[in-house]
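# Here you go, sequence then predicted model.
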Amino acid sequence: MNHKTAIATLLILATSITACVTEKNDGGFSAERQVEYCQQQVERTLSELRDSTGRIDYVMTPRNIGPQEHHWNLRRVDTPEEWCAGFFPGILWMAGDSIEAARFTEKLRYLAYQPVYDHDLGFIMIGSFLKGWEQNQSEDYKQVLLAAADTLATLFNPKAGTMLSWPRNVRMFGGHNTIMDNMINLELLLWASQHGGSPRLKEIAMTHADTTMSCHFRNDATSYHVAVYDSITGEHKYNCTHQGAGDETMWARGQAWAIYGYTMVYQYTHEKRYLDWAEKVTDAYLSSLPDSTRIPYWDFSRDDFRDASAAAIVASALVNLSELSGKKAYLDEAKTMLENLSKPPYISGKEKPSFIMHSVGNMPAGTEIDYSINYADYYYLEALLRLIEIQEKNAKK
Ligand code: GLY
């Protein structure tokens with residue numbers, strides 16, 4: 001989780017590596033070279049964001065690039081509805097541009113101090129303030145994160161044992177809804193409980209992870225997207241999908257959130273049941289991948305569009321899972337995923353200022369199909385940095 005060492009190393013590498021990074025795979029996969037490529041793409045993005053006077057409007061964040069487009073579509077972040085608001089600041093922190101990262105991050109501060117809109121507050125704050133805190137250990141950022149964790153925790157329903165994901169959709173689902181993606185937001189609670197926040201935040205996170213483990217998976221450890229509980233009694237009512245192909249199919253990014261989420265919860269809590277579950281949900285995913293590229297289709301029941309974002313999330317999780325479990329096979333899988341994301345047809349190269357292409361946002365809604373999306377880039381870069389950190393650690397052994 002702490003990329004400080006990797007980033008410091010990369011900044012040195014960035015000055016010493018002079019080879020131009022191209023779409024051509026001229027020397028095999030190199031995580032260091034791909035990070036340098038990401039830094040170049042970030043520079044490209046920033047220069048596109050500057051107006052003729054050189055000014056950037058930090059309220060507008062790069063969100064996606066369509067299949068026929070070559071420039072980022074921007075979204076406003078002065079509304080809590082933009083769930084992807086934290087990813088571009090996070091990319092900037094990871095790429096080592098702390099000045100621009102801090103400016104984009106600042107625009108999200110208000111979210112910690114107003115009633116929560118939905119569970120995505122976690123995604124937003126983890127990408128921005130937590131990634132920033134990992135770099136600067138700022139007391140100010142810590143206070144924002146602690147406030148945000150308390151705000152996020154207001155979504156917890158002790159009867160159901162999970163946090164409500166979408167308050168606006170309670171009526172639509174007929175109850176307290178929790179989506180698998182919510183596992184990622186537990187990091188904000190777990191981090192806060194380790195940094196001066198209430199111990200209750202950790203209890204909430206673990207209760208959420210435990211309830212999700214019992215109610216949100218099929219017998220084969222593949223996940224449902226949505227679990228619905230009675231808002232009053234907390235009773236588990238039913239499971240369904242929102243972004244997958246069907247209620248009983250495995251939505252690729254949903255399973256990716258489960259893999260990343262349980263790995264992260266184990267990393268913070270050291271409770272073995274989370275490690276065991278992380279391995280189980282990972283094995284269910286890996287054993288169903290369609291081919292040797294290790295990039296899934298957006299849903300495991302389909303064979304039309306791949307989802308590079310799911311592969312990037314899983315790659316990042318598997319680098320950590322390999323360390324935590326001591327199983328090198330997970331690291332080998334992560335490397336294969338990253339290697340394939342780092343070459344055509346996935347790498348954006350000169351074509352677009354994103355890092356990678358071919359993600360699917362929400363197929364049932366018909367949005368962001370075959371797009372570059374900022375979270376795919378975020379997890380791709382995070383995975384590369386984690387890999388470098390592990391490789392350096394192993395080299396010193
Ligand atoms: N958290 C929303 C998604 O994965 O699309």
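Thanks, I have the structure now.

# Next, the contact list for the residue of the chain at minimum distance from the ligand, please.
Closest residue of the chain to the ligand, Cβ to the nearest ligand atom: residue 181 (3.7 Å). Glycine gets a C-beta too; all of them are placed from N, C-alpha and C. Residues near residue 181 by Cβ atoms under 8 Å, 6 or more residues apart in numbering: 119, 123, 165, 253-254, 257.

# run the last query once more with 10 Å
Residue 181 sits next to 83, 119-120, 122-123, 165, 225-226, 242-243, 253-254, 256-258, 260-261 when contact means Cβ atoms under 10 Å, 6 or more residues apart in numbering.

# do residue 354 as well
38, 41, 44-45, 62, 64-65, 70-72, 347-348, 371-374, 376-377, 380.

# Now do the SS call for it.
Assigned by DSSP: H, G, I helix; E, B strand; the rest coil, the conformation of residue 354 is coil.

# Check residue 234 too.
Following three-state DSSP, the label given to residue 234 is coil.

# where along the stretch 201-350 of the chain do the helices fall?
Remark: helices assigned in the stretch 201-350 of the chain by DSSP state H, counting those that start in this stretch are 252-269, 272-286, 308-325, 328-341.

# Make CSV from the ones you listed and add mean neighbour count to it.
Converted to CSV, the helices of the stretch 201-350 of the chain look like this (neighbours: other Cβ atoms under 10 Å):
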stretch, mean neighbour count
helix 252-269, 26
helix 272-286, 20
helix 308-325, 27
helix 328-341, 21
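
# Of all the ones you listed, which one comes closest to residue 91?
In terms of Cβ to Cβ, the element of the helices of the stretch 201-350 of the chain nearest to residue 91 is helix 308-325, at 11.9 Å.

# Centre of the chain to the closest one, how far?
Distance of helix 308-325 from the chain centroid (Cα atoms, centre = their mean, to the nearest Å) equals 10 Å.

# Compute the inter-axis angle for that helix and helix 252-269.
Helix 308-325 runs at 30 degrees relative to helix 252-269, counting by axes from the mean of the first three to the mean of the last three Cα atoms, to 10 degrees.

# helices or strands up against helix 308-325?
helix 252-269, helix 272-286, helix 328-341, strand 359-362, strand 367-373, helix 374-396 (3 or more Cβ pairs under 10 Å, 6 or more residues apart in numbering; DSSP states H and E).

# what about dumping the CA coordinates of that helix to CSV?
The C-alpha coordinates for helix 308-325 follow below in CSV (Å, rounded to 0.1, in the frame of the first residue of the first chain):
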residue,chain,number,x,y,z
ALA,A,308,-9.0,-4.3,-19.1
SER,A,309,-10.0,-2.5,-15.9
ALA,A,310,-10.8,-5.8,-14.2
ALA,A,311,-7.4,-7.2,-15.3
ALA,A,312,-5.6,-4.2,-13.9
ILE,A,313,-7.5,-4.4,-10.5
VAL,A,314,-6.7,-8.1,-10.3
ALA,A,315,-3.1,-7.6,-11.2
SER,A,316,-2.6,-5.1,-8.5
ALA,A,317,-4.3,-7.3,-5.9
LEU,A,318,-2.4,-10.4,-7.0
VAL,A,319,1.0,-8.8,-6.4
ASN,A,320,0.0,-8.2,-2.8
LEU,A,321,-1.7,-11.6,-2.5
SER,A,322,1.4,-13.3,-3.7
GLU,A,323,3.4,-11.6,-0.9
LEU,A,324,0.8,-12.3,1.8
SER,A,325,0.2,-15.9,0.8
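
# if you look at that helix, does any of it touch the ligand?
No. Helix 308-325 is not in contact with the ligand by Cβ under 6 Å from any ligand atom; minimum separation 7.7 Å.

# so that helix versus strand 367-373, what angle?
Angle of helix 308-325 versus strand 367-373, following the same axes, to 10 degrees, is 60 degrees.

# Contact residues of the protein facing the ligand?
Checking the chain against the ligand by Cβ under 6 Å from any ligand atom, the hits are 181, 243, 253, 361.

# repeat that for 5 Å
181, 253 (Cβ under 5 Å from any ligand atom).

# mind listing what residue 340 touches?
29, 291-295, 306, 308, 311, 315, 346-347.

# Could you rerun that using 6 Å?
Residues near residue 340 by Cβ atoms under 6 Å, 6 or more residues apart in numbering: 293, 295.

# And it, how far from residue 359?
Distance, residue 340 to residue 359, by Cβ to Cβ, to the nearest Å: 14 Å.

# so how far is stretch 330-345 from its chain's centroid?
With Cα atoms, centre = their mean, you get 17 Å for stretch 330-345.

# should've said stretch 269-276
On Cα atoms, centre = their mean, the centre of stretch 269-276 falls 20 Å from that of its chain.

# what are the C-alpha coordinates of that stretch, in PDB please?
The C-alpha trace of stretch 269-276 is given here as PDB (Å, rounded to 0.1, in the frame of the first residue of the first chain):
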ATOM      1  CA  THR A 269      -6.300  -7.200   9.900                       C
ATOM      2  CA  HIS A 270      -4.100 -10.300   9.600                       C
ATOM      3  CA  GLU A 271      -7.200 -12.400  10.100                       C
ATOM      4  CA  LYS A 272      -6.500 -15.600   8.300                       C
ATOM      5  CA  ARG A 273     -10.100 -16.100   7.100                       C
ATOM      6  CA  TYR A 274      -9.800 -13.100   4.800                       C
ATOM      7  CA  LEU A 275      -6.600 -14.500   3.300                       C
ATOM      8  CA  ASP A 276      -8.300 -17.900   2.700                       C
END
